[in-house]
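K.L.:
Kindly return the folded structure for what I paste below:
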Amino acid sequence: MEILFSVLLGTLLFVESAHCRQCYMCAKVNDFSLCKVKKCNDGENTCTKTVVTSDVGFKMKSYSLDCTSSCEDYKNVFLKTPSHGFKVDVSCCNTDLCNGVGGVRSNPWALTGAFLLSLGPALLWVGL
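P.N.:
Residues are numbered from 1 along each chain as shown. I've put the predicted structure just below:
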């Protein structure tokens with residue numbers, strides 16, 4: 001029994017250490033569908049999302065998403081860059097694919113809930 005526990009614990013630790021954070025990645029795109037899933041490098045445990053919106057003239061929104069090892073360092077890059085006429089929002093999160101643009105798209109529990117709620121009328125129609 002003790003050997004089985006040791007093997008199971010070793011397997012779980014290996015699986016956890018082998019897991020790399022996954023984040024959406026794209027640079028200066030105005031269409032989120034152009035962003036791809038990226039496996040972050042070792043030490044990069046944080047997903048970032050930067051949204052740049054124009055404040056003057058025509059309305060424009062640009063997304064940059066990636067991985068980083070330090071949210072504070074990442075934010076400091078944008079805070080030191082002049083952004084005349086643009087609003088820059090930088091956010092970070094620490095779960096897989098959490099830097100998506102849509103809230104439901106980035107949260108698997110919300111997606112599951114939305115799916116189950118959408119089944120309600122169909123189940124009532126069938127009589128279940």
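
K.L.:
how about residue 46, phi and psi?
P.N.:
Backbone torsions of residue 46, given as degrees, to the nearest 10, read phi -130, psi 130.

K.L.:
And residue 78, by the same measure?
P.N.:
Torsion angles at residue 78 (phi, psi; degrees, to the nearest 10) stand at phi -80, psi -30.

K.L.:
Count residues in the vicinity of it, would you?
P.N.:
15 (other C-beta atoms under 10 Å). C-beta coordinates here come from the backbone N, C-alpha and C atoms, glycine included.

K.L.:
ditto for residue 101
P.N.:
16.

K.L.:
ok, residue 39 to residue 80 distance?
P.N.:
Going from residue 39 to residue 80 by C-beta to C-beta, to the nearest Å gives 29 Å.

K.L.:
Have a look at these two and say which one is more surrounded.
P.N.:
Between residue 39 and residue 80, counted using other C-beta under 10 Å, the more crowded position is residue 39 (13 against 7).

K.L.:
Check for me that residue 43 belongs to a strand.
P.N.:
No - counting by DSSP: H, G, I helix; E, B strand; the rest coil, residue 43 falls outside a strand, being coil.

K.L.:
Could I get the contacting residues of it?
P.N.:
Residue 43 is in contact with residue 69, counting by C-beta atoms under 8 Å, 6 or more residues apart in numbering.

K.L.:
Quick check: the gap between it and residue 35.
P.N.:
22 Å.

K.L.:
Low-confidence stretches in this structure?
P.N.:
1-19, 102-128 (pLDDT under 70).

K.L.:
residue boundaries of the strands in it?
P.N.:
For the chain, the strands defined by DSSP state E occupy 22-29, 36-39, 46-54, 61-68, 86-93.

K.L.:
The longest one packs against which elements?
P.N.:
Put plainly, it is strand 46-54. strand 22-29, strand 61-68, helix 71-79, strand 86-93 (3 or more C-beta pairs under 8 Å, 6 or more residues apart in numbering; DSSP states H and E).

K.L.:
Cool, thanks, signing off.
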